[in-house]
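>>> Generate a structure from the sequence data that follows.
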Amino acid sequence: MDETANRRFVGRLIYKVLTEQTCVREAIKLFPETKDPNIICAYHALVHYEADEDIRYHDIEYRDAQDEYLEYIAQTLSSGKILPKNIIDEYKPYYSGIARPWHDGLRSAVKEFLRFINIK
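A predicted model of the protein is given here:
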């Protein structure tokens, strides 16, 4: 798939999460491997969405703001467009790619875990 098609696909995945047609974990598994910063940004936005589950439960304003933010990302990507630079830059501290399930045993699992918690 080309990058525009990948963006559209990811936009639809985010919509499915927001409309509770799929869970975040399943959507994340379906993200395409890419170097497109728009898709990587969307990936990290969804990871944060799931990580903030407790905050979202207790703070309705936070939940609404986060939902609107993700909806904007989904709308932009669904149309094949690129995200504004400030949104991409907001997630850059987390950009080490898209996490993939490990297939090479314990060493890969540990490496992926350390990468996930930003220890390299």
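>>> Contacts only, for Ile87.
Residues in contact with Ile87, defined by CB atoms under 8 Å, 6 or more residues apart in numbering, are 41, 73. For the C-beta atoms, the positions are set from N, CA and C on the backbone; glycine is no exception.
>>> Sorry, wrong one. I was asking about Asn38.
Residues in contact with Asn38 (CB under 8 Å, 6+ apart) are 3, 7, 77, 82-83, 88.
>>> cool, Lys81 as well?
Counting by CB under 8 Å, 6+ apart, Lys81 touches Arg7.
>>> on that earlier part again, of all the contacts of Asn38, which comes closest to Glu71?
Nearest to Glu71 among the contacts of Asn38: Leu77, at 10.9 Å, using CB to CB.
>>> Touching, that closest one and Leu13? I think so.
No: applying CB atoms under 8 Å as the test, Leu77 and Leu13 come out as separate, 9.0 Å apart.
>>> Which residue is the nearest non-sequential neighbour of Asp52?
Closest residue in space to Asp52, ignoring its immediate chain neighbours: Gln66 at 6.6 Å, by CB to CB, 6 or more residues apart in numbering.
>>> In terms of helices and strands, where is the one you found?
helix 60-78 (DSSP states H and E).
>>> Just name the closest of the contacts of Asn38 to Thr34, please.
Closest approach between the contacts of Asn38 and Thr34, by CB to CB: Glu3, at 6.9 Å.
>>> so who does that closest one touch?
Shown in contact with Glu3 (CB under 8 Å, 6+ apart): 34, 36, 38-39.
>>> Output the residues you listed in a markdown table; the columns should cover pLDDT, distance to Ile73 and secondary structure.
Compiled in a markdown table, the contacts of Glu3 are given as follows (pLDDT from 0 to 100; distance: CB to CB, whole Å; DSSP: H, G, I helix; E, B strand; the rest coil):
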| residue | pLDDT | distance to Ile73 | secondary structure |
| --- | --- | --- | --- |
| Thr34 | 89 | 15 | coil |
| Asp36 | 93 | 13 | coil |
| Asn38 | 94 | 9 | helix |
| Ile39 | 94 | 10 | helix |
